[in-house]
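# Using only what follows, build the 3D model:
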Amino acid sequence: MKKYIVLLFVSTLIVACESSEELDTQKPEINILTPTEHQEIELGQTIEFVAHVSDNVALASYKLEIHRADDGHQHRSESVPWHFEIVENLSGNTAEITHQIPVADTVLEGHYHIGLFVIDQSGNQNQQFVEVYVGEEDHQH
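Numbering: from 1, shown residues only. Just a heads-up that it's a prediction; the model follows:
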């Protein structure tokens with residue numbers, strides 16, 4: 001009887017160890033190539049967004065978001081704060097994310113965060129940001 005209990009205990013430990021090894025706890029990796037940190041983007045231009053993402057098991061989805069990053073002071077009264085967001089699914093364990101994002105002439109000039117949020121099939125999340133300046137090149141700050 002003792003041998004049976006010991007065998008049951010050992011087999012339970014082996015199964016528990018095997019299942020914990022299969023548990024994916026590693027966050028996806030993100031590398032934003034463009035735009036670069038503190039890049040200036042003129043009104044009316046297009047932002048070329050390129051990022052490489054990967055995961056040790058499988059990617060699930062991403063969200064690309066652009067939002068204001070500065071104190072909100074305004075250079076032009078007819079300008080409006082800009083917010084951009086796109087969410088898409090991913091598959092496999094590596095992907096290149098590319099988007100051509102137009103910047104309207106009416107966008108409020110200033111500092112913006114461009115954030116990429118990536119989730120893998122196990123629910124692990126990671127994020128990376130770059131800050132850019134949208135507006136005329138001769139801004140004074």
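# CA atoms for contacts and neighbours, from now on please.
OK.
# Identify the residues contacting A51.
By Cα atoms under 8 Å, 6 or more residues apart in numbering, the residues touching A51 are I30, N31, I32, L33, T34, E96, I97, T98.
# For the residue nearest the centre of the chain, report the pLDDT, please.
The residue lying closest to the centre of the chain (Cα atoms, centre = their mean) is L116, at 2.0 Å. Looking at L116, its pLDDT stands at 98.
# looking at this, it is in a helix?
No. Counting by DSSP: H, G, I helix; E, B strand; the rest coil, L116 is not found in a helix; it is strand.
# Can you list the low-confidence ranges for the chain?
For the chain, the stretches with pLDDT under 70 are 1-21, 70-79, 137-141.
# Please, which helix or strand holds K63?
Assigning secondary structure by DSSP states H and E places K63 in strand 59-68.
# coming back round to it: now list the buried members of the contacts of A51.
I30, I32, I97 (16 or more other Cα atoms under 10 Å).
# How about the secondary structure of the second one?
So the one you mean is I32. Per three-state DSSP, I32 ends up strand.
# Look up how far L59 lies from the nearest residue to it once chain neighbours are set aside.
If the residues on either side of it in the chain are set aside, I32 comes closest to A51, at 4.2 Å by Cα to Cα, 6 or more residues apart in numbering. Computed as Cα to Cα, to the nearest Å, the A51 to L59 distance reads 14 Å.
# Please consider this matter closed, and thank you.
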